[in-house]
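Novice: Fold the following for me, if possible:
(2 chains)
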Amino acid sequence: MNLKTWLGEEIGAVIRARWGQELSVPVAYPPRPEMGDYASSVGFLLARTLRRSPQEISAAVAEDLRTREGIREATPAGGFVNIVLDEAWLFARFREAAARGFPPLPSKDLRVLLEFVSANPTGPLNVVSARAAAVGDTWKRMLRFAGVQADAEYYVNDAGGQIRALQASLEYFAGLREAFPEDGYRGAYVEALARRLVAEDVPREAWARTVVDWILEEQMAVLRDYRVDYDSVVRESWVRRSEYPAKVREKLAPYLYEQDGAVVFRSTAFPQFGDDKDRVVIRKNGEPTYFFWDLAYHLYKAERGYDRLVDLLGPDHQGYVPRMKAGLEALGVGGDRLEVLIVQQVNLFREGKRVRMSKRKGEFYEMKTLLEEVGVDAARFFMLLRAPSTPLDFDLTLARKLSQDNPVYYVQYTHARTVNLLRYGEERELAPDPEGLFRLDLPEERALALACLRLYETVEDAARTGEVHRLAQYLLDLSRTFHAYYQKVRIVTEDEALSRARLALVDGIRKAVARGLELAGVAAPESM
RNA sequence: GCCCCCGUAGCUCAACGGGACAGAGCAGCGGAUUUCUAAUCCGCAGGUUGGGGGUUCGAGUCCCUCCGGGGGCGCCA
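Specialist: Numbers count the residues shown, from 1 in each chain, chains lettered A, B, ... in the order given. Predicted coordinates for the structure are as follows:
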């Protein structure tokens, strides 16, 4: 259960009962934990609407809240109300959640399609793809945990200009072409692919198509190793053959005009999306632009019944967003149904020095290399440490270090430690006793039970906006709290009842951490 | 020139629809090991949130402006 949501509803009920108004207010954390478990600024927020002073409102809300089940204390403080949950009630919620392994929230009537990575099938995946994959996949897992029906999709640009360039590059490396093609693909891997095509006697006209399949297979294999599962893969070549291009032309017609022999979409007819110029959809040579095919693809997504269409794009696509939204608005899909998260770049560091890459020479650090160098667990967790919209410095040296400053081990160690404690208890025939949780009276123990339950609000809040770093930060916080408790208190002692109660707490922590790690796509080791 | 992201402790970053005295980690200094794994913990120190103005009961967060860093501005994808 999401305590924050629940408290918001409780406050809403109080407002309804007292003033007969249907209002919802946000619930947050007070600045210092000793002030309470949760806080709300109801007084300030409703002062205008209710025409009462903030103090009066918060005092009244606090008074009514105190009578509700689960709330031990509600204290007005200016326009704020600070709330302390009832300890026995809290342990009961903890016990329920733990008994079921911190299960996902009930399902909601909301469908979301996440599209991420969708790298060109012209080469191996790089580290930006690794970041997008970690963010996209964890976002999907978090949405599902929050009860949202979320799917992940991979789009393959297996048609168009870059495929022609790939074909030409392969021909060049096979010695069938004198000059290296303009916008061609370099790198050892292209040469290797050309050799393989020749060795396997693939007919020249099928080279690009065949290589796309090989590369796609390789990309998907790396993503699988990375624990990323796609629910669907859509090919641009399929979209081109589908009914969607015709539908786009038809629906877009009122917003199209001709200029210099090209067909242009009046993107500026939708100033709310901020595009600064109109966009060509059909070139004067009659060939549609990438934008046109992409609209067809997104129309297809929308017609499959998703409420929200989310694209994770690289920073180089930032200027592309306004026209897509305007286009979808014109198609009747609604520009706001598309949400774009720009996943910023990744800077690699090794031994404190920047790892340089030259795309021009076809040299870059592959995602596969990253997995070999630091492993899946560290790679994924590090990618989740920062807000996706900010650039990420990835310290390769730290990621493979087996020490306390490596955040991934810090969290994994929490899990290993809980498992070890339970095993130690078992050896002494001490099984966890959830019924005994109520006898735990240390502030740390109450705080730990609450921290575990906060998994729900953390994930639900983070899943709304794709702020996956909150999950990582949460796991680090919970781990800190747990390690400190472990250091301070002996779990298994002569006191059998107390030991069994503490083991029940430890068992719940184990399950909460395991769930959090699962959402991050990171393994929860039993020993380290 | 226009648009987007960013600027918070020496370093890397948090701060959840604007909330209370801006928090962590690392680095620095000082401590804790007869242990249920020290891959851990405790303490100290560290800030004019890039500058200025505005809106608000309240601004790191919103608006304007300036400075600095990164990215984008194709009938490429």
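
Novice: Work out the gap between the lowest-mean-pLDDT helix or strand in chain A and the centre of the chain.
Specialist: Least confident helix or strand, chain A: strand A:353-354 with a mean of 79, by mean pLDDT, DSSP states H and E. Centre-to-centre, strand A:353-354 and its host chain are 28 Å apart (C-alpha atoms, centre = their mean, to the nearest Å).

Novice: near RNA strand B at all, it?
Specialist: No: with C-beta under 7 Å from any atom of the strand as the criterion, RNA strand B is not reached by strand A:353-354; the gap is at least 11.5 Å. In this view, the C-beta of every residue, glycine as well, is placed from N, C-alpha and C.

Novice: Tell me the strands beside that strand, with direction?
Specialist: Strand A:353-354 has the following strand partners under DSSP bridges: strand A:346-350 (antiparallel).

Novice: So what touches the strand it pairs with?
Specialist: A:127-128, A:130-131, A:354-355, A:365, A:383, A:391-397 (C-beta atoms under 8 Å, 6 or more residues apart in numbering).

Novice: A:Lys247 - that's part of a strand, no?
Specialist: No: counting by DSSP: H, G, I helix; E, B strand; the rest coil, A:Lys247 is not found in a strand; it is helix.

Novice: Find the nearest non-adjacent residue to it, please.
Specialist: The shortest distance from A:Lys247 to any non-neighbouring residue, by C-beta to C-beta, 6 or more residues apart in numbering, is to A:Leu299 (6.1 Å).

Novice: any idea which helix or strand carries that neighbour?
Specialist: For A:Leu299, the host element (DSSP states H and E) is helix A:290-303.

Novice: returning to what we had before: can you tell me which of the contacts of strand A:346-350 are in helices?
Specialist: Those of the contacts of strand A:346-350 mapping onto helices are A:127-128, A:130-131, A:383, A:396-397, per DSSP state H.

Novice: Name the nearest of these relative to A:Ala330.
Specialist: Ranked by distance to A:Ala330 (C-beta to C-beta), the ones in helices among the contacts of strand A:346-350 are led by A:Val128 at 30.6 Å.

Novice: Count the neighbours of the closest one for me.
Specialist: 20 (other C-beta atoms under 10 Å).

Novice: Tell me if I'm right that it and A:Leu312 touch.
Specialist: No: look at A:Val128 against A:Leu312 with C-beta atoms under 8 Å: they stay out of range, at 10.4 Å.

Novice: Give me the common contacts of those two.
Specialist: Joint contacts of A:Val128 and A:Leu312 (C-beta under 8 Å, 6+ apart) are A:Val343.

Novice: pLDDT wise, what is the residue nearest to A:Ala208 when sequence neighbours are not counted at?
Specialist: Once flanking residues are discounted, A:Ala208 sits nearest to A:Gln167: 3.9 Å by C-beta to C-beta, 6+ apart. The model reports A:Gln167 with a pLDDT of 94.

Novice: Also A:Pro525?
Specialist: As summarised for this prediction, A:Pro525 has a pLDDT of 94.

Novice: that's a strand at it, yeah?
Specialist: No: counting by three-state DSSP, A:Pro525 falls outside a strand, being coil.

Novice: Spell out which residues sit in contact with it, please.
Specialist: With contact set as C-beta under 8 Å, 6+ apart, A:Pro525 has these partners: A:412, A:415-416.

Novice: Show me the strands in the stretch 51-200 of chain A, by range?
Specialist: Taking DSSP state E, counting those that start in this stretch as the criterion, the stretch 51-200 of chain A carries its strands at A:71-77, A:80-85, A:111-115, A:149-156.

Novice: meant to ask about the stretch 201-350 of chain A
Specialist: A:232-235, A:256-259, A:262-265, A:279-282, A:308-313, A:338-342, A:346-350.

Novice: most neighbours per residue, which of these?
Specialist: Comparing these by mean neighbour count (mean count of other C-beta atoms under 10 Å), strand A:308-313 comes out on top with a mean of 21.

Novice: roughly how far out does it sit from the chain middle?
Specialist: That offset, for strand A:308-313, works out to 11 Å (C-alpha atoms, centre = their mean).

Novice: Against A:Ala60, how distant is the closest residue to A:Arg95 other than its chain neighbours?
Specialist: Of all residues not flanking A:Arg95 in the chain, A:Pro434 sits nearest, at 4.7 Å (C-beta to C-beta, 6+ apart). According to C-beta to C-beta, to the nearest Å, A:Pro434 and A:Ala60 sit 37 Å apart.

Novice: and what of A:Lys401?
Specialist: The value you get for A:Lys401 to A:Ala60, if C-beta to C-beta is used, is 54 Å.

Novice: higher neighbour count, these two?
Specialist: Per other C-beta under 10 Å, whichever of A:Lys401 and A:Ala60 has more neighbours is A:Ala60, with 20 against 15.
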